[in-house]
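Q: Requesting a structural model of the entry that follows:
(2 chains)
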Amino acid sequence: MSRANLLALAFLLLLFGLWEAACQIFTIPIFILPPPSIIVMTAVFQAPLILPHAFITGMEIICGIGLALAVALPLAMGMFAWPWLEKALSPFLVASQAIPVFALAPLLVVWLGYGMAGKILMAAIIIFFPITVSLLEGFKGCDREYRVLFRLMGAGFWQTMRYLYWPWALPHFFAGLRVGVTVATIGAVIGEWVGAQKGLGYLMIQANARLKVDLVFAVILWLSLMGLLLWFGVGWLEKKSIHWKNDQQFSQ
Amino acid sequence: MLSVSSLTKAFDQQPVFSGFDLTVNRNRFAVLIGPSGCGKSTFFDVLTGVIPADEGHIRWQGDEVAHLGDLAAYMHQKDLLLPWFSLLENSLLPAKTGGEDLGKARTRATQLFARLGLAGYEAHLPHEVSGGMRQRCALVRTLMFKRDLILLDEPLSALDAITRKSLQSLLLLLQSEFDRTMLMITHDVDEALLLADDLYLLSTKPMGIVEKIVLTGDKPRRFDNPELLAMKDRIMRKLTGDIEHVPC
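A: Residues are numbered from 1 along each chain as shown, chains lettered A, B, ... in the order given. Next up is the predicted model:
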């Protein structure tokens, strides 16, 4: 383990130690602020209760990412292929980001009900924007000389996309995806808060109403773990798909 | 043979060049040299079809063509290898985009790899080999174009002395061994004098040919030749003439 990792771990342990000590010294009741030891124990021993909900939320996030990709990829490619499309759509894309997505959550419940569809859509709405924008920027960042080369090779748009633009934009795409997956959790959970019958967000609301604060924290812990897993998953995928090294001559 | 006649291009009614004529004979190394901003790059863009010409004709082997986009190969001072493809895959790109038979193309590329001393490096990624090898790989790719005309965009100007030397000899190889016709644009007098058979000095705004110099010295040339040094001096004077000939 590297020195930086060790420092981070030490800081985390110190923080939890202080928290634990504060709970003991000031005898804070568990339904106000449970100590970390109780939270971890709840997270572990209540796993049979939490896991089915975590599975639902996880599926919503994954499907949300899938849906966002299904929209973002063709959209970014289309806007890159036809600049008029970008001119026509970009004001709306930016404006769509001005709408607080949380405000849409109750509407989505009305339209799509208490099932997973609304939550998937919430997650997708939040993350499709960073992915689209970063992918488009990646395509546009391609150097002129490379374009001339492909032009002279007689390559069509799709060939150029496949051999040049797509791999060129991959690092940007992953940067966008990384931002996307971490906020996808927010989308799914908010969706569940507003109206659901399953999922970690639903479980949190239920536990909160019954003052089972330790369970609320345990759910937050599970959510954080899921977020971390997604983050590292994207990192792993990035390493797998970008096997080349960007040397000096090819620096983006 | 490439022939360009009365080619005209203007931006906002400011002519970049108007009625520009140029003929490059087969297997010649033609170099257009002019100061930065004289319109060389625009000329290049018109030739390759990136922007349309306002007027004029481009003929290749006697046939009128709209542009040279699918007739010429292109070499740049950067090797323009794609870092995500192996050296062999990079060299196969023209065959892939051209829809050629990949088996045959692979055989041909492998032969060229051996010919240029790259045998055994087919599966390497560009960042794993030296700059000289990358250039040779770019040369293989250029040869895989199967095109007789090669356009060179300031191929040597930004390189260090050693890399420059090796690329220079590769370019000459392209002309002598592989029988290609070369058209280069540059603002670098040195690279022009080292490579050119026909050297065209350009004036600025609108771009036009001021003088054609036919260089006969054997290649590869070196600057220890006094004739070449005298020539360089003369060209430098001509290109910067307006400034230096102001009487004191």
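Q: Verify the contact between residue B:185 and residue B:44 for me.
A: Yes: here residue B:185 lies in contact with residue B:44, judged by C-beta atoms under 8 Å, at a distance of 5.7 Å. In this view, the C-beta of every residue, glycine as well, is placed from N, C-alpha and C.
Q: tell me, what's touching these two both at once?
A: residue B:153 (C-beta atoms under 8 Å, 6 or more residues apart in numbering or on different chains).
Q: and the residue most central in space within chain A, how far is that from chain B?
A: What sits nearest the mean C-alpha location of chain A, by C-alpha atoms, centre = their mean, is residue A:181, with 1.5 Å. Separation of residue A:181 from chain B (C-beta to the nearest C-beta, to the nearest Å) stands at 24 Å.
Q: Please name the spatially closest residue to that residue (chain neighbours excluded).
A: Leaving aside its sequence neighbours, residue A:181 sits nearest to residue A:230 (C-beta to C-beta, 6 or more residues apart in numbering or on different chains; 4.2 Å).
Q: Number of residues surrounding that neighbour?
A: The tally of other residues near residue A:230 (other C-beta atoms under 10 Å in any protein chain shown) stands at 21.
Q: now swap in residue A:152 and tell me
A: For residue A:152, the count of nearby residues is 24 (other C-beta under 10 Å).
Q: For the most centrally placed residue in chain B, which residues count as its bridge partners?
A: Nearest to the geometric centre of chain B sits residue B:152, at 1.6 Å (C-alpha atoms, centre = their mean). Beta-bridge partners recorded for residue B:152 (DSSP bridges): residue B:75, residue B:184.
Q: Do a quick rundown of the helices in chain B.
A: Along chain B, counting by DSSP state H, helices occupy B:40-48, B:87-97, B:102-115, B:131-144, B:161-176, B:189-195, B:226-239, B:241-244.
Q: So which bits of the fifth one are buried?
A: By neighbour count on 16 or more other C-beta atoms under 10 Å in any protein chain shown, the buried set for helix B:161-176 is B:163, B:164, B:167, B:168, B:170, B:171, B:172, B:173, B:174, B:175.
Q: got a list of what the closest residue to the fourth one other than its chain neighbours touches?
A: It refers to residue B:168. The shortest distance from residue B:168 to any non-neighbouring residue, by C-beta to C-beta, 6+ apart, is to residue B:194 (5.8 Å). Going by C-beta under 8 Å, 6+ apart, residue B:194 touches B:156, B:168, B:219, B:220, B:221.
Q: what's the answer for residue A:123, then?
A: A:60, A:61, A:63, A:64, A:65, A:67, A:68, A:184, A:185, A:187, A:188, A:191.
Q: quick one: which two of the residues you listed are the most distant?
A: The distance between the two most remote of the contacts of residue A:123 (C-beta to C-beta) is 15.2 Å, for A:67 and A:185.
Q: which of those two has more neighbours?
A: Using other C-beta under 10 Å as the criterion, residue A:67 and residue A:185 rank with residue A:185 on top: 23 against 17.
Q: Please tell me how far that one sits from residue A:234.
A: Distance of residue A:185 to residue A:234, computed by C-beta to C-beta, to the nearest Å: 13 Å.
Q: Equivalent analysis for residue A:130, please.
A: 12 Å.
Q: likewise residue A:125?
A: 19 Å.
Q: and if you look at residue B:134?
A: 31 Å.
Q: In terms of neighbours, single out the busier of the two.
A: Applying other C-beta under 10 Å to residue B:134 and residue A:234 shows that residue B:134 carries more neighbours, namely 23 against 19.
Q: Now the more buried one. Nearest residue, chain neighbours left out?
A: Nearest non-adjacent residue to residue B:134, counting by C-beta to C-beta, 6+ apart: residue B:79, 4.4 Å away.
Q: Could you check how many residues crowd around that neighbour?
A: Using other C-beta under 10 Å, residue B:79 is surrounded by 21 other residues.
Q: And for residue B:133?
A: 19.
Q: so where's the chain shaky on pLDDT?
A: No chain in the question, so chain A it is. Confidence mapping of chain A against pLDDT under 70 gives the ranges A:1, A:245-252.
Q: Not quite, go with chain B.
A: Low-confidence segments of chain B, defined by pLDDT under 70: B:155-159, B:241-248.
Q: Spell out which parts of it neighbour chain A.
A: For chain B, the residues found near chain A under the criterion C-beta under 8 Å from any C-beta of the partner chain are B:48-50, B:69-70, B:72-74, B:76, B:78-80, B:82-85, B:93-94, B:96-98, B:125-127, B:145, B:151, B:153.
Q: Mind giving me the PyMOL select for those, buried ones only?
A: To isolate the buried subset of those in PyMOL, counting by 16+ other C-beta under 10 Å, use the following:
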select buried, chain B and resi 48+49+50+69+70+72+73+74+76+78+79+80+82+83+84+85+93+94+96+97+98+125+126+145+151+153
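Q: ok and the residue in the stretch 51-200 of chain A nearest chain B?
A: Scanning the stretch 51-200 of chain A for the residue nearest chain B gives residue A:155, at 3.9 Å (criterion: C-beta to the nearest C-beta).
Q: Could you verify my assumption that that residue touches residue A:163?
A: Yes: Residue A:155 lies in contact with residue A:163 (C-beta under 8 Å); the separation is 7.1 Å.
Q: what sits in contact with each of these two?
A: What both residue A:155 and residue A:163 touch, as defined by C-beta under 8 Å, 6+ apart, is the set residue B:97.
Q: contacting residues around the residue of the stretch 51-200 of chain A closest to chain B?
A: A:163, A:164, B:97.
Q: tell me which of those is nearest to residue A:140?
A: Using C-beta to C-beta, these come closest to residue A:140 at residue A:164, 12.6 Å.
Q: Secondary structure class of that closest one, three-state.
A: When classified by DSSP: H, G, I helix; E, B strand; the rest coil, residue A:164 comes out as helix.
Q: And it, how far from residue B:67?
A: Taking C-beta to C-beta, one finds residue A:164 at 21 Å from residue B:67.
Q: Which of the contacts of residue A:123 fall in helices?
A: In helices, defined here by DSSP H, the members of these are A:60, A:61, A:63, A:64, A:65, A:67, A:68, A:184, A:185, A:187, A:188, A:191.
Q: Tally up the residues packed near residue B:24, please.
A: Neighbourhood size, residue B:24 [other C-beta under 10 Å]: 22.
Q: so it sits right up against residue B:31, yeah?
A: No: contact criterion C-beta under 8 Å: residue B:24 and residue B:31 do not qualify, at 10.0 Å.
Q: any common contacting residues for those two?
A: Residues touching both residue B:24 and residue B:31 by C-beta under 8 Å, 6+ apart: B:183, B:198.
Q: Ignoring the adjacent residues along the chain, who's closest to residue B:68?
A: The shortest distance from residue B:68 to any non-neighbouring residue, by C-beta to C-beta, 6+ apart, is to residue B:47 (5.2 Å).
Q: chain center to stretch A:140-158, what's the gap?
A: Offset of stretch A:140-158 from its chain centre (C-alpha atoms, centre = their mean, to the nearest Å): 33 Å.
Q: Between the two ends of it, how far is it?
A: 15 Å (C-alpha to C-alpha, to the nearest Å).
Q: Over to stretch B:62-70?
A: OK, stretch B:62-70 end separation, C-alpha to C-alpha: 16 Å.
Q: which parts of that stretch are buried?
A: Buried residues in stretch B:62-70, defined by neighbour count with 16+ other C-beta under 10 Å: B:67, B:68, B:69, B:70.
Q: residue contacts, residue B:80?
A: A:145, A:146, A:149, B:138.
Q: Just these: which are in strands?
A: The subset of the contacts of residue B:80 located in strands under the criterion DSSP state E is empty.
Q: Nice, that's everything, thank you.
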